[in-house]
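A.B. asks: Quick one, structure for this:
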Amino acid sequence: MSTTREFVDFWIENSIHAAEQYRNVGASQDVAELAQRMIEAAKGQGISESALRAEIGDVSNYIRERLKAVNKAERERRDFT
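C.D. replies: This next block holds a predicted model:
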């Protein structure tokens, strides 16, 4: 990845997914687990945790907000059909 923002966008796109319908086994919704995964993946790309925080603020809060957004979009999609 060439920038921290590109890494964040790529990671979010590939790692943050809506909960499965009816709470079946599916994408992780555990914020602490996802935050740790993101931090570790960033380190693997040579991006420090402080660089992540400079880009997105608190990593856990950022992931929590992204989860809320994808879950809301999924609920709206299901309600529409």
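A.B. asks: how near is the closest residue to Ala32 other than its chain neighbours to Leu34?
C.D. replies: Nearest residue to Ala32 in three dimensions, chain neighbours excluded: Ser60, at 6.7 Å (Cβ to Cβ, 6 or more residues apart in numbering). Heads up, the C-betas are built off the backbone N, CA and C, glycines and all. Using Cβ to Cβ, to the nearest Å, Ser60 is found at 8 Å from Leu34.
A.B. asks: Looking at those two, which is more packed in?
C.D. replies: Per other Cβ atoms under 10 Å, whichever of Ser60 and Leu34 has more neighbours is Leu34, with 23 against 15.
A.B. asks: Okay, and the more buried one sits in which element?
C.D. replies: helix 31-44 (DSSP states H and E).
A.B. asks: if I read this right, the residue nearest to Ala32 contacts Val31, doesn't it?
C.D. replies: Yes: at 5.3 Å, Ser60 counts as touching Val31 under the criterion of Cβ atoms under 8 Å.
A.B. asks: can you give me the helices for the chain?
C.D. replies: 4-15, 31-44, 49-56, 59-80 (DSSP state H).
A.B. asks: Turn the ones you listed into JSON lines, including mean pLDDT.
C.D. replies: Conversion of these to JSON lines gives the following (pLDDT from 0 to 100):
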{"stretch": "helix 4-15", "mean pLDDT": "95"}
{"stretch": "helix 31-44", "mean pLDDT": "96"}
{"stretch": "helix 49-56", "mean pLDDT": "96"}
{"stretch": "helix 59-80", "mean pLDDT": "89"}
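A.B. asks: wait, what's in contact with the residue nearest to Ala32?
C.D. replies: With contacts defined as Cβ atoms under 8 Å, 6 or more residues apart in numbering, the neighbours of Ser60 are Val31, Ala32, Ala35.
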